[in-house]
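J.: Provide a 3D model corresponding to the input given below.
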Amino acid sequence: MPAKIYPIPGPEDSNASLYDFYGERGEQPPPGKRAPRRPRPKWAPKIIDDWPDRVPVFVEELDLYELYFADELDEIFGIKK
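T.: Numbers count the residues shown, from 1 in each chain. Alright, predicted model coming up:
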């Protein structure tokens, strides 16, 4: 079955301009309705690293990670099924 060929409108077709989204040429698009930016806080939070060197992890947590991320972990560590 042959494909249908649709003619591409030329520049003489004023209604067929691909770049004329807002009506007449030269007309500006409507202004955006974006909310004004909120001012940044004038203070900087103090960051403290008070975690222990070794964070305890329970066996149940590891089981959950293995349950939900089994395919991804196998892919990362190169285990093939």
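J.: show me the shaky parts of this structure.
T.: Confidence mapping of the chain against pLDDT under 70 gives the ranges 1, 6-31, 33, 35, 81.
J.: repeat the analysis, applying 90 as the threshold.
T.: Per-residue confidence of the chain (counting by pLDDT under 90) places the weak regions at 1-52, 70-81.
J.: pull the longest helix from it.
T.: If each helix of the chain is counted by residues according to DSSP state H, the longest one is helix 59-68.
J.: C-alpha coordinates for it, PDB please?
T.: Coordinates of each C-alpha in helix 59-68 appear next as PDB, following Å, rounded to 0.1, in the frame of the first residue of the first chain:
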ATOM      1  CA  VAL A  59      19.400  -7.900  59.600                       C
ATOM      2  CA  GLU A  60      15.800  -7.100  58.800                       C
ATOM      3  CA  GLU A  61      16.800  -3.900  57.100                       C
ATOM      4  CA  LEU A  62      19.200  -5.800  54.900                       C
ATOM      5  CA  ASP A  63      16.500  -8.400  54.100                       C
ATOM      6  CA  LEU A  64      14.200  -5.600  52.900                       C
ATOM      7  CA  TYR A  65      16.900  -4.100  50.700                       C
ATOM      8  CA  GLU A  66      17.500  -7.500  49.200                       C
ATOM      9  CA  LEU A  67      13.800  -8.100  48.600                       C
ATOM     10  CA  TYR A  68      13.100  -4.800  46.900                       C
END
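J.: no further questions, thank you.
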